[in-house]
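Colleague: sequence first, then the predicted structure:
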Amino acid sequence: MTRRNFIFTAATAAAAGRSSPPARVLVPIHRVMDSRARCSPEQLHHFWSSIWPETVRNFSGGGIGLQTTDGPGEVRRSPADNPIFVGLRRGAINLVLTGHIPMKWDNGRALAGVTTIHDGYHVCLVALQYAHGNQIPFLSVNTCVHELLHALLQDVFVRRPAWYQTDGREFRIDCYATGLWLFHNGAAIRQSAQTYLDRLRAADAARVGMLDGGQFGHTVK
């Protein structure tokens, strides 16, 4: 899909959707502040006063509500620089706020965020040092919106995508984020988000059943 076609489609859908309010989808978000993170007061203030409120507005405009809980936690590092998360919650997207992404995950690229399934937990890891709000349509969108969309649009279920698939997914995510930002267009996201939530709940229910039966789950990445 070209940018011109996306803009036309998003604008048409937004205009058509004004006649009746969309059915809202509620997404559980568990926010965790990494107690080990070295973040400045300015970075924390910018996130909570600007980036996060903009995230809520963008999703709300597209008919998606974020049901948030907060809890303590931290991101420890193994000798191989693999992250060890403390304080995650099942049945929700864990939005973990830290200083920077472990080098093992971002290969030294200074990424603003990474979204994945780690040990069965759904994790959006956001580096406050590089996180930002909406800046340029299709190119630089809100970091939290971008990362949460990787979960809601089910990219987290694709294991080891090829390099060309990765580039395509990033552009696709930025297109949908731009649609939320500029046109409040969330119809396709709501549909995918509902499927994502069904899969999330089903996986948690299956895990509980396996534990009750004396078995243990396995890591999904």
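Modeller: Now that the structure is in, tell me what you want to look at.
Colleague: tell me the helix or strand right after the helix or strand of the chain with the lowest mean pLDDT.
Modeller: One helix or strand of the chain scores below all others by mean pLDDT, DSSP states H and E: helix 3-17, with a mean of 53. The helix or strand immediately downstream of helix 3-17 is strand 25-34, counting by DSSP states H and E.
Colleague: buried ones in that next one?
Modeller: Going by neighbour count (16 or more other Cβ atoms under 10 Å), the buried part of strand 25-34 is 25, 27, 28, 29, 30, 31, 32, 33, 34. Where C-beta positions appear, they are placed from N, C-alpha and C, glycine not excepted.
Colleague: just give me the residue right at the centre of this structure.
Modeller: Nearest residue to the geometric centre of the chain (Cα atoms, centre = their mean): residue 148, 1.7 Å.
Colleague: got the angle for the helix or strand that one falls within vs strand 25-34?
Modeller: Assigned by DSSP H and E, residue 148 belongs to helix 143-152. Put simply, helix 143-152 runs at 120 degrees to strand 25-34, going by axes from the mean of the first three to the mean of the last three Cα atoms, to 10 degrees.
Colleague: immediately after helix 143-152, which helix or strand?
Modeller: helix 163-178.
Colleague: for the biggest helix by length in the chain, buried residues please.
Modeller: Longest helix in the chain, counting residues (DSSP state H): helix 187-212. Judged by neighbour count (16+ other Cβ under 10 Å), helix 187-212 contains these buried residues: 187, 189, 190, 192, 193, 196, 197, 200, 203, 204, 207.
Colleague: closest to residue 93 among those?
Modeller: The closest of those to residue 93 turns out to be residue 200 (Cβ to Cβ; 8.2 Å).
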